[in-house]
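Enquirer: Quick one, fold the following:
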Amino acid sequence: MNIFMRTYFAVQQHKTINAGWQQCLQWAREQLDENDAPVHLLTARGDDQQAIIIAEVTTDHEHMIEGGRAMSIKRLMHG
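Expert: Numbers count the residues shown, from 1 in each chain. So this is what the prediction gives:
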């Protein structure tokens, strides 16, 4: 059983934030005011090595993604 808290990431090109869901979603919306590149929202638990893309925010829409690709948490945390 995985008892670790869930964490979220938002990624736009080379910019990344690690925070709660609402903070990541707000950050994604703010980033789109400066740069229209899509923002991916990812999630992972504390003991995971990979975060999974679960949503995408663009200037046209926000939608959840099922079965999104995985990204290394090390890469997310250290650029």
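
Enquirer: Please count neighbours and contacts with C-alpha atoms only from this point.
Expert: Noted.

Enquirer: now the strands for this protein?
Expert: 6-12, 15-19, 39-45, 50-57, 62-64, 70-72 (DSSP state E).

Enquirer: and the longest helix that the chain contains, which residues are buried?
Expert: Ordering each helix of the chain by length in residues (DSSP state H) puts helix 21-34 first. Neighbour-count burial for helix 21-34 flags Trp21, Cys24, Leu25, Trp27, Ala28, Arg29, Gln31, Leu32 (criterion: 16 or more other Cα atoms under 10 Å).

Enquirer: As CSV, could you dump the C-alpha coordinates of that helix?
Expert: Written as CSV, here are the backbone C-alpha positions of helix 21-34 (Å, rounded to 0.1, in the frame of the first residue of the first chain):
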residue,chain,number,x,y,z
TRP,A,21,-3.0,20.7,-7.7
GLN,A,22,-4.7,24.1,-7.5
GLN,A,23,-1.3,25.9,-7.5
CYS,A,24,-0.1,24.0,-10.5
LEU,A,25,-3.3,24.7,-12.4
GLN,A,26,-3.1,28.4,-11.6
TRP,A,27,0.6,28.5,-12.6
ALA,A,28,-0.3,26.8,-15.9
ARG,A,29,-2.9,29.4,-16.6
GLU,A,30,-0.6,32.3,-15.8
GLN,A,31,2.2,30.9,-18.0
LEU,A,32,-0.1,30.8,-20.9
ASP,A,33,-0.5,34.6,-20.6
GLU,A,34,3.3,34.9,-21.3
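
Enquirer: middle-most residue in this structure, spatially?
Expert: The chain has Leu41 as the residue nearest its centroid, 2.5 Å off, counting by Cα atoms, centre = their mean.

Enquirer: Roughly how far does the closest residue to that residue other than its chain neighbours sit from Met64?
Expert: Closest residue in space to Leu41, ignoring its immediate chain neighbours: Ala10 at 4.5 Å, by Cα to Cα, 6 or more residues apart in numbering. Plainly put, Ala10 is 13 Å away from Met64 if you go by Cα to Cα, to the nearest Å.

Enquirer: If anything else comes up later, I'll come back, but that's it for now.
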